[in-house]
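S.K.: Sequence plus predicted model, see below.
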Amino acid sequence: MNLSQDHSREPVQLLKHGPIAEICIDNPPVNALSQPVRQGLLTCLTAAEKDHEIQAVIITCNGRTFIAGADISEFGKLLLEPHLPDVLDQLDRCTKPIVAALFGTVLGGGFEVALSCHYRVALPQTKLGLPEVTLGLIPGAGGTQLLPRLAGAEMALEMITSGKPQTALQLFDHGVIDVLLEQGSLSVTKQAIEFALQIVKAGKGARRVSQMIIDTASCPNDLFDQWRTKLAKKARGQKAPQYCINAIENALLVPFEEGKKREREMFIKCLESSQSRAMRHAFFAERSAAKLPPAYNHLEHADLLPIQQVAVIGAGTMGGGIAICFANAGISVQLLEMSEDNLARGLAAIRTRFEQALKRGLITQQQLDKRMSLIVGTCNYEDLNTVDLVVEAAFETIAVKQQIFSTLDRVCKAEAILATNTSYLDINKIAKSTSRTHKVIGMHFFSPANIMKLLEVVYAADTDEQSVKTVMALGKKLGKVSVAVGVCYGFVGNRMYACYGREANMLLLEGASPQQIDTAMKNWGMAMGPLAVNDMSGIDIGYKARQENPPVTPDPLYFRAADLMVEAGRLGQKTAAGFYRYDTQTKKLQVDDAVLPMFAEEALKLGVIQRDDISEQEIQHRLIFSLINEGATILSEGIATRASDIDAIWLNGYGFPRHLGGPMCYADEIGLDKVVAGIKTYQQQGNGLYWQTAPLLETLLLSGGKLAQQ
Ligand code: 3HC
């Protein structure tokens, strides 16, 4: 029975099941708490309170999940009433017991709704969490006050500062969930009604979490300071994690109402911060990346090629990582190598990686066995005749790739998609070695392929819509952030990275030390400096790539510093020397002044004037502005569809700090006028003629437009 007049189009309905009222939210896709939902909750709750026949209330959701949080698209606009904390106060104060019926992903404000209810029942695999910190926020509707009251301060610190969800099964042991529901037999709603009836029968009333006392006996005295120190390091430069700690500490120090008030103040402060703006931009950037350019957006989902069996060519580090990705997603893999020896080595390396995951508790022995059984080795191309997709991860040489693709074209079934993991090569040329250019595509994974979230899906001139959409959908299944990009040297990420690396190299010739450059970039927010990264990955890799596939406009200066290192046998960590020196036992990095005269001598030879006035800001601006400038050019060329796609690439493939939103978002935050002025200054400096302001930046500067919105 419907208590109200016409709720057919309302996002929240009130239904009656005898003495139990059901408040049902229906706001697809994830039942976010938009203003109409908050209003609907309040109205239905008031009606249920007033109805004398009602003895208990359950809160349920239609669709695939219980509420997944506040509506993030409302943030940054005027916050409309009723505000969530006020709605939840009313839930908390309700005189009739309220039960939250949980399934799917119960996140942020959704978890706060559940915590404000008096009882919680959930399917065991329901994921519950407070991921606000990943948006540069703290929970803003009582989460920091309620969760410690139910689960204890340590658990609250763990969940709120990491933003990572836990399953209902795990939280049941911490007293957060009252009853685990059965999967499959009765619906979640029916089981919740049963539970509510039992509560009524047992005479149990409202049980308010707000009135519970936090168990502090087992908390170490310096618990909060320990967390402050830990997160100052782990989440360097981020403000929200520290606010989370303060808010949870308040839960132990001040009454509930006061703690909630202070929490809301901190939430609003975070909401208005540039860090949260950047992290919200990152959230939407990753989701819009899934939306394809118009030319690739006509087919229905049903028309995608089902991918049940794949092949990976090459069992080296990259190929092995890619095979692991597929096995992790339950897809069977034929791993092809040229010799039995190489194959055995590759398979053994894969097993070692799974065993490391087992040791770290990330997978079970059963999962290890299952995943290993999904990867089958072969040295015979003919075995690939049934696969739906091939990812080639062989040597980065066009002739080798063309040979492989011509063979694949011969042995694979006609509809199979042939993908290359090339980082730089022209996929159009690779496609031409086949008779199915429309089925050839780039799947550019980032090392380690089973860890890094980014997948550049590179469409070539002839690649058809089915292949692009199938590979994008596959990327999602593999847990990747997939971004569709066009063909050019280095695609989006590496093409921009080359500019960043070029600046680091130029600065070395101009007199900056490796340590000076790396420290500047770490202070700016990067996890590692570019030269330490280069030492770690091997300086010779870029050197060989430049020899094999010279950039379109090579310049003798650009990577001279790196080339010098390679020519002196300093390949990085693997030779215990590169831009730095490394302890052979511990691999600990040591500053090595021996490289400075090498750069000075080379600078003299090349006519580069060395300076001793290179500031930290110049280093930071040159490296970051070079990224912004190249990103803007890439955008104008249509290689990337949206500026936010470029940000998604940098956030997920290159360790760009999430709280700075990606290079395009950062450009807007600091101001395009500053960026363009900087570029013009560097152009006039020393050897800076290669700095050419991207026309798009000039245009936006004139129009007052935003780069990240392009
Ligand atoms: N607000 C607005 N839109 C949201 C949303 C939210 N909280 N959560 C998801 N969406 C949208 C996405 O933008 C996407 O829209 P699109 O189809 O137009 O691109 C759509 O819902 C589906 O999202 P996904 O593609 O991410 O779907 P998945 O099934 O892969 O994941 C999910 C679902 C796990 C719920 C994931 O979307 C997610 O993690 N959402 C964010 C959850 C979150 O951060 N909640 C906290 C919000 S802050 C808050 O609650 C503050 C409070 O303390 C006051």
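M.R.: Sure, I can see it.

S.K.: Under the pLDDT cut-off, which ranges of the stretch 551-700 of the chain? List them.
M.R.: Using pLDDT under 70 as the threshold, the predicted model of the stretch 551-700 of the chain has low-confidence ranges 551-554.

S.K.: my bad, the stretch 351-500 of the chain
M.R.: Across the stretch 351-500 of the chain (using pLDDT under 70), nothing gets flagged, so there are no ranges to list.

S.K.: let's see it at 90
M.R.: Counting by pLDDT under 90, the stretch 351-500 of the chain shows low-confidence ranges at 395-397, 423-424, 447, 489.

S.K.: Which strand or helix spans whatever residue of it ends up closest to the ligand?
M.R.: The ligand sits closest to residue 476 of the stretch 351-500 of the chain, with a gap of 7.5 Å, by CB to the nearest ligand atom. Just so you know, the C-beta spots here come from the backbone N, C-alpha and C atoms, and that holds for glycine as well. Residue 476 is part of helix 465-477, with elements assigned from DSSP states H and E.

S.K.: sorry, back to before: quickly note the distance from the residue of the stretch 351-500 of the chain closest to the ligand to residue 693.
M.R.: Look at residue 476 and residue 693: by CB to CB, to the nearest Å, they are 37 Å apart.

S.K.: ok now do the closest residue to the ligand within the stretch 601-710 of the chain, which residues does it touch?
M.R.: Nearest residue of the stretch 601-710 of the chain to the ligand: residue 644, at 11.7 Å (CB to the nearest ligand atom). For residue 644, the set of contacting residues under the criterion of CB atoms under 8 Å, 6 or more residues apart in numbering consists of 281, 284, 285, 288, 289, 662, 664, 665, 708.

S.K.: try residue 28
M.R.: Contact partners of residue 28, counting by CB under 8 Å, 6+ apart, are 62, 63.

S.K.: Next to the ligand, which bits of this protein? Give me the list.
M.R.: Applying CB under 6 Å from any ligand atom, one finds that the chain approaches the ligand through 29-30, 32, 68-73, 84, 105, 107-109, 112, 131-132, 135, 139-141, 143, 287.

S.K.: before we move on, back to that, more crowded one of residue 476 and residue 693?
M.R.: Taking residue 476 and residue 693 together and counting by other CB atoms under 10 Å, residue 693 has the greater number of neighbours (19 against 13).

S.K.: Give me the nearest residue to that one, chain neighbours excluded.
M.R.: The spatially closest residue to residue 693, leaving aside those adjacent along the chain, is residue 679, at 4.9 Å (CB to CB, 6 or more residues apart in numbering).

S.K.: returning to what we had before: among the residues of the chain next to the ligand, which are located in strands?
M.R.: Those of the residues of the chain next to the ligand mapping onto strands are 105, 107, per DSSP state E.

S.K.: Of the residues of the chain next to the ligand, select the buried ones using a ChimeraX command.
M.R.: Burial among those is assessed by 16 or more other CB atoms under 10 Å; the matching ChimeraX selection reads:
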select :30,32,68,69,70,71,72,84,105,107,108,109,112,131,132,135,139,140,141,143
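
S.K.: Can I get the helix or strand where the residue of the stretch 601-710 of the chain closest to the ligand lies in PDB? Just the C-alpha atoms.
M.R.: Assigning secondary structure by DSSP H and E places residue 644 in helix 643-653. Listed next in PDB are the C-alpha coordinates belonging to helix 643-653 (Å, rounded to 0.1, in the frame of the first residue of the first chain):
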ATOM      1  CA  ALA A 643      41.200  17.200 -21.500                       C
ATOM      2  CA  SER A 644      39.900  15.100 -18.700                       C
ATOM      3  CA  ASP A 645      41.000  12.000 -20.500                       C
ATOM      4  CA  ILE A 646      44.600  13.400 -20.400                       C
ATOM      5  CA  ASP A 647      44.200  13.900 -16.600                       C
ATOM      6  CA  ALA A 648      42.800  10.300 -16.200                       C
ATOM      7  CA  ILE A 649      45.900   9.100 -18.000                       C
ATOM      8  CA  TRP A 650      48.400  11.000 -15.900                       C
ATOM      9  CA  LEU A 651      46.600  10.100 -12.600                       C
ATOM     10  CA  ASN A 652      46.600   6.400 -13.300                       C
ATOM     11  CA  GLY A 653      49.700   5.800 -15.400                       C
END
